[in-house]
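Undergrad: Provide a 3D model corresponding to the input given below.
(one chain, ligands or ions: 1)
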Amino acid sequence: MNSWSSVDIPALVTGGELPALRLSDTASQSVKAVEKKAAYRMYVCGITPYDSTHLGHAATYLTFDLINRYLRASGSTVNYVQNITDIDDPLLERAIRDGVDWKDLAHQQIDLFRGDMVALRVIPPAHYIGAVEAIPLVVEAVNALASQESIYPVDSDLYFAVNKDPQFGKRSHLSTKEMTTIFSERGGDPSRAGKQSPLDCLVWMSQRPNEPGWESSLGVGRPGWHIECTAIALKYLAPLDTEVTLIDIQGGGSDLIFPHHEMCAAQAHVMTGKELAGSYVHTGMIGLDGEKMSKSKGNLVFVSRLVAAGVDPMAIRWALMSTHYRVDRMWSDDVLSKAQNEISVVEKALKMSDVAPTAQLVQQIAEAISNDLDTPAAIAAVLSWSQETMNGSNGGDVTQLRNTLDALLGLTL
Ligand code: ZN
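TA: Take a look at the predicted model:
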């Protein structure tokens, strides 16, 4: 699958090493220092392309873009991989509802998503892999799990036995009752007859009438969602034997903590004997005007529609960064207009012939981001600098600041 176009990032001049990045890790329930390395491996779960990118998606990919930018600015490389679930129940259901071909629907939504990511200046993944193209990898992964005796059939489908991973449940910290409830709400089938445990997850679904299926040694069918990400991550992030965990960061929205990320980690653990990620990073949910934003409520705010209506994508980026990534928050016209007003103040300051000193501000932005991506603190520092500039303070280097805003925050102002 083609990714979106690349983003030019200016070099960051700070006069010293950047502080080590610390990130909230769901598994250890703590803010952990990310070990300094020359090369990182990051996997972020992608969209199921049946509806345009709403602000919740944008906020998630923006968060991992900040991590990507910070690690790169620290002098490391980041192998960033993202999947796209281009075959799954929700996509087929939507295609039937709208009377369109599921492939056309997926292509159209993937194009919209790519456009949104370009507008928001999100660095593209090095590997952007669709579920359909990953089928051979999924088959390989299911075979690897089968060799650990963790796969069994129910009718002609295949399931992964979660209790084969002694760590199962340790990343998401939920009781069995909570897991069962959430599993059922998020695409799982805890009450299906024939399963060894209600929480076991589908890894290969045999072809159903009027649904697509692909020939494989597992039969004609399609991959389960969780194994898709496990297989893609392990292949394209190429874990090293010398590393303690398979990859450094696995990320997504907080609605992926369970079952999705727990299942991926359990499968990877059974396959390799190693923990999947050093840090499991999750972003908060975004609501609209006091209500949860969801497809079923029909109150999604789409990035593409805001941009088509003339909203500067940088204002969307700024608005999304004005609250900490882990916090569930509300979107409203007021949030956007506050961001637009703040940006216009900063732009005015950046155009002054003399600007307030910038070296300390660059340091403050780097420190804020290193502290579990504290974007509200970074934004507050930029606003305070703008005020000082408007008040006549001088001696700063505006190019240094522009480069920092771009390199670390993805803002071109
Ligand atoms: Zn995933």
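Undergrad: Quick check, the residue in the stretch 151-300 of the chain closest to the ion?
TA: For the stretch 151-300 of the chain and the ion, the shortest gap (C-beta to the ion) falls at residue 229, measuring 3.1 Å. Any C-beta I mention is one placed from the backbone N, CA and C, and that applies to glycine too.
Undergrad: for the helix or strand containing that residue, what is the average pLDDT?
TA: When elements are defined using DSSP states H and E, residue 229 is found to belong to helix 225-236. In this model, helix 225-236 has a mean pLDDT of 98.
Undergrad: ok, residues contacting that helix?
TA: When contacts are defined by C-beta atoms under 8 Å, 6 or more residues apart in numbering, helix 225-236 is touched by residues 43, 45, 79, 81, 83, 85, 88, 126-127, 129, 131, 134, 137-138, 140-142, 145, 160, 187, 201, 203-204, 223, 246-247, 250, 259-260, 263-264, 267-268, 271-272, 276.
Undergrad: now residue 55: how far from residue 356?
TA: Distance, residue 55 to residue 356, using C-beta to C-beta, to the nearest Å: 32 Å.
Undergrad: go on, residue 277?
TA: If you go by C-beta to C-beta, the gap between residue 277 and residue 356 works out to 41 Å.
Undergrad: Which one's more surrounded, the two?
TA: In this comparison of residue 277 against residue 356, neighbours counted by other C-beta atoms under 10 Å, the higher total goes to residue 277 at 26 against 23.
Undergrad: got the contact list for the more buried one?
TA: Applying C-beta under 8 Å, 6+ apart, one finds that residue 277 lies in contact with 27, 43, 245-250, 265.
Undergrad: what do you get if the cut-off is 7 Å, keeping everything else the same?
TA: The contact partners of residue 277, by C-beta atoms under 7 Å, 6 or more residues apart in numbering, come to 245, 247-250.
Undergrad: tell me the phi and psi of it?
TA: Dihedral pair for residue 277: phi -130, psi 150, per degrees, to the nearest 10.
Undergrad: which SSE is the nearest residue to it once chain neighbours are set aside in?
TA: If you skip the residues right next to it in sequence, residue 277 has residue 250 as its closest partner in space, 3.9 Å away by C-beta to C-beta, 6 or more residues apart in numbering. For residue 250, the element it lies in under DSSP H and E is strand 247-253.
Undergrad: quick one: average pLDDT of stretch 114-125?
TA: Stretch 114-125 shows an average pLDDT of 96 in the prediction.
Undergrad: actually stretch 13-23, not the one I wrote
TA: For stretch 13-23, mean pLDDT rounds to 89.
Undergrad: go on, stretch 75-91?
TA: 95.
Undergrad: Next: stretch 173-188.
TA: Model confidence over stretch 173-188 averages 96 on the pLDDT scale.
Undergrad: So what touches that stretch?
TA: Residues from elsewhere that reach stretch 173-188 (C-beta under 7 Å, 6+ apart): 29, 89, 169, 190, 198-199, 201, 225, 258-259.
Undergrad: CA atoms only for it, dumped as PDB, please.
TA: Listed next in PDB are the C-alpha coordinates belonging to stretch 173-188 (Å, rounded to 0.1, in the frame of the first residue of the first chain):
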ATOM      1  CA  HIS A 173      -5.200  -4.300  33.900                       C
ATOM      2  CA  LEU A 174      -8.800  -5.400  33.600                       C
ATOM      3  CA  SER A 175     -10.800  -8.100  35.500                       C
ATOM      4  CA  THR A 176     -12.000 -11.100  33.500                       C
ATOM      5  CA  LYS A 177     -15.500  -9.800  33.800                       C
ATOM      6  CA  GLU A 178     -14.400  -6.400  32.400                       C
ATOM      7  CA  MET A 179     -12.500  -8.000  29.700                       C
ATOM      8  CA  THR A 180     -15.500 -10.200  28.700                       C
ATOM      9  CA  THR A 181     -17.800  -7.200  28.500                       C
ATOM     10  CA  ILE A 182     -15.400  -5.000  26.500                       C
ATOM     11  CA  PHE A 183     -14.500  -7.900  24.200                       C
ATOM     12  CA  SER A 184     -18.100  -8.300  23.300                       C
ATOM     13  CA  GLU A 185     -18.500  -4.500  22.700                       C
ATOM     14  CA  ARG A 186     -15.400  -4.300  20.500                       C
ATOM     15  CA  GLY A 187     -16.000  -7.000  17.900                       C
ATOM     16  CA  GLY A 188     -15.200 -10.100  20.100                       C
END
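Undergrad: ok, which stretches of the protein are helices?
TA: 55-73, 89-98, 102-119, 135-146, 176-185, 225-236, 262-272, 303-308, 313-321, 333-350, 359-370, 375-390, 398-409 (DSSP state H).
Undergrad: And for the second one, what's in contact with it?
TA: Contact partners of helix 89-98, identified using C-beta under 7 Å, 6+ apart, comprise 48-50, 101-102, 105-106, 187, 211.
Undergrad: One more pass at 6 Å, please.
TA: With C-beta atoms under 6 Å, 6 or more residues apart in numbering as the contact definition, helix 89-98 has outside contacts at 48, 50, 102, 105.
Undergrad: which among those residues are in contact with the ion?
TA: Near the ion, taking C-beta under 5 Å from the ion as the test, no member of these is found.
Undergrad: Now render those as TSV, adding neighbour count, pLDDT and distance to residue 369.
TA: What follows is these, written out as TSV (neighbours: other C-beta atoms under 10 Å; pLDDT from 0 to 100; distance: C-beta to C-beta, whole Å):
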residue	neighbour count	pLDDT	distance to residue 369
48	20	89	30
50	23	87	33
102	21	94	40
105	19	93	37
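Undergrad: Out of those residues, which is nearest to residue 69?
TA: Within the contacts of helix 89-98, proximity to residue 69 (C-beta to C-beta) peaks at residue 48, which comes in at 26.0 Å.
Undergrad: ok, and the closest non-adjacent residue to that closest one?
TA: Once chain neighbours are set aside, the closest to residue 48 by C-beta to C-beta, 6+ apart is residue 85, at 4.2 Å.
Undergrad: what about the closest residue to residue 398 other than its chain neighbours, how many neighbours?
TA: Ranked by C-beta to C-beta, 6+ apart and with sequence neighbours excluded, the top spatial neighbour of residue 398 is residue 355, at 5.0 Å. A total of 23 residues lie near residue 355 under the criterion other C-beta under 10 Å.
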